[in-house]
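S.K.: what follows is a protein structure lacking sequence information:
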């Protein structure tokens, strides 16, 4: 700032490494997603509803859709195909005759960007309102023009993740029925990349 | 925040209550209509959470093993380079297998030849070479591990008693390959401008046969001055010959910043002879620059940046393959970028020269593999020593790397957590635990948490585990990414200001104390908010505050005085008062400068 003066904050900000600036914009994306996920579950409940964005399973893939996504991402390809499998859930998807009925774990929400679909229910409206309140237009962000932030196309993130290989045991030497004495409990689980163990612990400890 | 784990599968109806800021990162407290309250303290201290990166094969990144020495590292690097050459380059030769091959390779690429030799001889011989190099700078020629005949021959050659000028010196070499190559290597290293040739006795080239040392040894290593050395010896005074040889041998292998100069001690009154010395030195090494003053000649190395020689060097560097060195980066309680900044500063490389496979938590003890491009093994070793052990940033376990790392290409992370004072139906205390590596085919992360003093029954635990495994959890981003609710300003507000183009607001938010940083950083930010002069604010930030320091970076060029005129170069400050503050420490310079300008 001394070099460029207080009237050139852009030049001062450009002295900050690009990776650090990306962390801040990533924090905003995470904040928007958290707010949308919280609203989605509070207003519409823990079941998929028409108007949700759902991720269709890969037609020829074995295992879960998430595993297919993981394999595609691991292979560095198929991202566009993954995006193409995101669509709006309709009433027909919930008919008993539907070939595939979405579950809550198939519901995704948009991460902010200029090229994402939005849910057609109140959460989509909340997304627009939230960005409008923040004064952000991803399609015409001055940050991208000034090379201050990456051009965010946007992506999707599952609302619910299911941990796999959840195991527990009392630690060696502990009494199996440890209602009174403090017994060490070993809890182990696996999470897909990008998931937070703190959130899984939160669910585990906080659920009644 | 919402939870999906409530009984009946409905969203919780209780109000969200923010927990007091008595933990750094972790779970949000929640109060439900039943009055239950979660008060779990998680990651209160960096030591409570340990993250160890896993390689693609599921193994943990190395840590705690004995670090490779500099020569071992160079040896391993040479092996890796030899392996890469064998796989990729048809035109490049494979590792030399005999003295003649050594000779050819040494003539073409001395450093590569030395690396190959060290790889062939092992760390013990490499250590001997280091001692020889050190002994040379101290005047003692060759110590142990060399045959006496070799010692005598080298000593004769070095002190000038051996005939020179077209007649080569030679030393008898042992018949065993390993010690013979050691003799060869010693000669090649000690005499940078000598043609070194190893051959069987009786099979020497004609002109070398006359100089073959007496004895019955099967092998002979012959030394012949090349044209450069011959011109240099003829131009230099004898008293300067050995010091200049040492300069060329030792200094040329150091990084430019570590090179020192030398003033010739001989008398060179004749201008023509001084010219010959200048020309010979310039021909001996392109990095040398010479100057004359009052009849004496001073040798210096060209600076690392700028100048004609460096432009040429940069071209050479662009053509040369970039050297990569891998190391394990351990950080404790600091952000990823700050840790990389500290490592980059110690390595003397820009921060983008360090590649990694992913960001790690701030409030944790994390251990990950990194690769630095463009740093010499010597520099990396020095950086390890500079950062030390047990600090916020630590580098260890150096090793060769074929190339930079890319984000996401890791086998996973092994995590261990300590949960403190989780009071609801549990009271938890946990410690870091270990677990077997996850199958490398999966890209999932495996977590293990030990909850101590758990007061729940097995049935309740089983029910919770089953619920977690069936219903899952809300895939919120953790506060590591979005910041704590209690933190103000939250990082996402900075991101919003950036995307909105509100640069001034973004600067103010970045430089606002948030209570999560260290006291020194918060104090510096408070000083900024109070309007303290920016140079002082910059100095208040610790070196680990890379972003903040970069933001308030001060570039105050010095006042340049010379020959009755002054060139005052300064930068625009925060305002005119702060510019004046810059000059307060040196008012006399300011007055003199103004007088000079007025007089002119």
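M.R.: In hand now; what should we look at? All values derive from a computational prediction rather than experimental measurement. Residues are numbered from 1 along each chain as shown, chains lettered A, B, ... in the order given.
S.K.: going forward, measure contacts and count neighbours with C-alpha atoms only.
M.R.: Will do.
S.K.: quick one: contacts for the closest residue to residue A:17 other than its chain neighbours?
M.R.: Nearest non-adjacent residue to residue A:17, counting by Cα to Cα, 6 or more residues apart in numbering or on different chains: residue B:547, 7.0 Å away. Residue B:547 makes contact with A:16-17, A:20, B:338, according to Cα atoms under 8 Å, 6 or more residues apart in numbering or on different chains.
S.K.: please, which helix or strand holds the closest residue to residue B:299 other than its chain neighbours?
M.R.: Nearest residue to residue B:299 in three dimensions, chain neighbours excluded: residue B:290, at 4.6 Å (Cα to Cα, 6+ apart). Per DSSP states H and E: residue B:290 is located in strand B:288-293.
S.K.: list the strands paired with that strand, with their directions.
M.R.: If you go by DSSP bridges, strand B:288-293 pairs up with strand B:296-301 (antiparallel).
S.K.: find the closest residue to chain A in the stretch 251-400 of chain B.
M.R.: Nearest to chain A in the stretch 251-400 of chain B, going by Cα to the nearest Cα, is residue B:337, at a distance of 7.0 Å.
S.K.: tell me where chain A has strands.
M.R.: Assigned by DSSP state E, chain A shows strands spanning A:53-55, A:86-88, A:107-111, A:155-158, A:160-161, A:164-170, A:183-191.
S.K.: now render these as JSON lines, adding mean pLDDT.
M.R.: Formatted as JSON lines, the strands of chain A follow (pLDDT from 0 to 100):
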{"stretch": "strand A:53-55", "mean pLDDT": "92"}
{"stretch": "strand A:86-88", "mean pLDDT": "91"}
{"stretch": "strand A:107-111", "mean pLDDT": "92"}
{"stretch": "strand A:155-158", "mean pLDDT": "90"}
{"stretch": "strand A:160-161", "mean pLDDT": "90"}
{"stretch": "strand A:164-170", "mean pLDDT": "83"}
{"stretch": "strand A:183-191", "mean pLDDT": "77"}
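S.K.: now these in JSON lines, with mean neighbour count and distance to chain B?
M.R.: Listed next are the strands of chain A as JSON lines, based on neighbours: other Cα atoms under 10 Å in any protein chain shown; distance: least, Cα to the nearest Cα, whole Å:
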{"stretch": "strand A:53-55", "mean neighbour count": "27", "distance to chain B": "15"}
{"stretch": "strand A:86-88", "mean neighbour count": "20", "distance to chain B": "17"}
{"stretch": "strand A:107-111", "mean neighbour count": "25", "distance to chain B": "10"}
{"stretch": "strand A:155-158", "mean neighbour count": "20", "distance to chain B": "7"}
{"stretch": "strand A:160-161", "mean neighbour count": "24", "distance to chain B": "5"}
{"stretch": "strand A:164-170", "mean neighbour count": "17", "distance to chain B": "6"}
{"stretch": "strand A:183-191", "mean neighbour count": "22", "distance to chain B": "4"}
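S.K.: out of the ones you listed, which is closest to residue B:365?
M.R.: Checking the strands of chain A against residue B:365 by Cα to Cα gives strand A:183-191 as the closest, at 19.6 Å.
S.K.: spatially central residue in chain A, please.
M.R.: residue A:157 (3.2 Å; Cα atoms, centre = their mean).
S.K.: about what we covered before: surely the residue nearest to residue B:299 meets residue B:302?
M.R.: No - counting by Cα atoms under 8 Å, residue B:290 stays clear of residue B:302, with 9.4 Å between them.
S.K.: longest helix anywhere in chain A?
M.R.: For chain A, the longest helix by residue count, based on DSSP state H, is helix A:18-44.
S.K.: which strands and helices sit next to it?
M.R.: strand A:107-111, helix A:122-134, helix B:479-482, helix B:491-500 (3 or more Cα pairs under 8 Å, 6 or more residues apart in numbering or on different chains; DSSP states H and E).
S.K.: for that helix, buried residues please.
M.R.: For helix A:18-44, the neighbour count (16 or more other Cα atoms under 10 Å in any protein chain shown) marks A:20-42, A:44 as buried.
S.K.: low-scoring pLDDT stretches of chain A, where are they?
M.R.: A:1-7, A:59-81, A:144-151, A:172-183, A:206-208 (pLDDT under 70).
S.K.: once you drop chain neighbours, what's closest to the residue of the stretch 251-400 of chain B closest to chain A?
M.R.: residue A:20 (7.0 Å).
S.K.: what's the answer for residue B:174, then?
M.R.: Nearest non-adjacent residue to residue B:174, counting by Cα to Cα, 6+ apart: residue B:180, 5.3 Å away.
S.K.: what about the one you found, how many neighbours?
M.R.: Neighbourhood size, residue B:180 [other Cα atoms under 10 Å in any protein chain shown]: 22.
S.K.: that one contacts residue B:200, doesn't it?
M.R.: No - Residue B:180 is beyond contact range of residue B:200, at 11.2 Å (criterion: Cα under 8 Å).
S.K.: give me the common contacts of those two.
M.R.: Both residue B:180 and residue B:200 are in contact with residue B:219, where contact means Cα under 8 Å, 6+ apart.
S.K.: next, the buried residues of the helix or strand where residue B:466 lies.
M.R.: Take DSSP H and E as the rule and residue B:466 turns out to sit in helix B:458-471. Buried residues in helix B:458-471, counted by 16+ other Cα under 10 Å: B:458, B:461, B:464-465, B:467-469, B:471.
S.K.: can you check stretch B:386-399 too?
M.R.: B:387, B:392-399.
S.K.: which residues does residue A:51 contact?
M.R.: Residues counted as contacts of residue A:51 (Cα under 8 Å, 6+ apart) are A:88-90, A:119-121.
S.K.: one more time with 6 Å
M.R.: By Cα atoms under 6 Å, 6 or more residues apart in numbering or on different chains, the contact set of residue A:51 is A:88-89, A:119-121.
S.K.: any regions of the stretch 301-450 of chain B where pLDDT drops low?
M.R.: Those would be B:303-322, B:408, B:411-412, B:414-445, if you go by pLDDT under 70 across the stretch 301-450 of chain B.
S.K.: can you tell me the closest non-neighbouring residue to residue B:265?
M.R.: Leaving aside its chain neighbours, residue B:265 sits nearest to residue B:240 (6.3 Å; criterion: Cα to Cα, 6+ apart).
S.K.: tell me the confidence at the one you found?
M.R.: As predicted, residue B:240 sits at a pLDDT of 83.
S.K.: residue B:222 too?
M.R.: Residue B:222 is given a pLDDT of 73.
S.K.: that one in helix, strand or coil?
M.R.: strand (DSSP: H, G, I helix; E, B strand; the rest coil).
S.K.: re earlier: could you dump the contacts of residue B:547 to CSV with distance to residue B:175?
M.R.: Below are these laid out as CSV (distance: Cα to Cα, whole Å):
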residue, distance to residue B:175
A:16, 61
A:17, 58
A:20, 60
B:338, 55
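S.K.: of these, which is the most crowded?
M.R.: Counting neighbours by other Cα under 10 Å, residue B:338 leads these with 21 neighbours.
S.K.: tell me what the residue nearest to the centre of chain A is bridged to.
M.R.: With DSSP bridges as the rule, residue A:157 is bridged to residue A:109.
S.K.: so it sits against residue A:105, correct?
M.R.: No - assessed by Cα atoms under 6 Å, residue A:157 is found out of contact with residue A:105, at 10.5 Å.
S.K.: return the residues of the stretch 351-500 of chain B in contact with chain A.
M.R.: B:444-458, B:469, B:472-478, B:481-482, B:491-492, B:495, B:498-500 (Cα under 6 Å from any Cα of the partner chain).
S.K.: which residues touch residue A:188?
M.R.: A:166-167, B:447-448.
S.K.: any chance of those residues in JSON lines, with distance to residue B:551 too?
M.R.: Below are those laid out as JSON lines (distance: Cα to Cα, whole Å):
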{"residue": "A:166", "distance to residue B:551": "45"}
{"residue": "A:167", "distance to residue B:551": "47"}
{"residue": "B:447", "distance to residue B:551": "37"}
{"residue": "B:448", "distance to residue B:551": "40"}
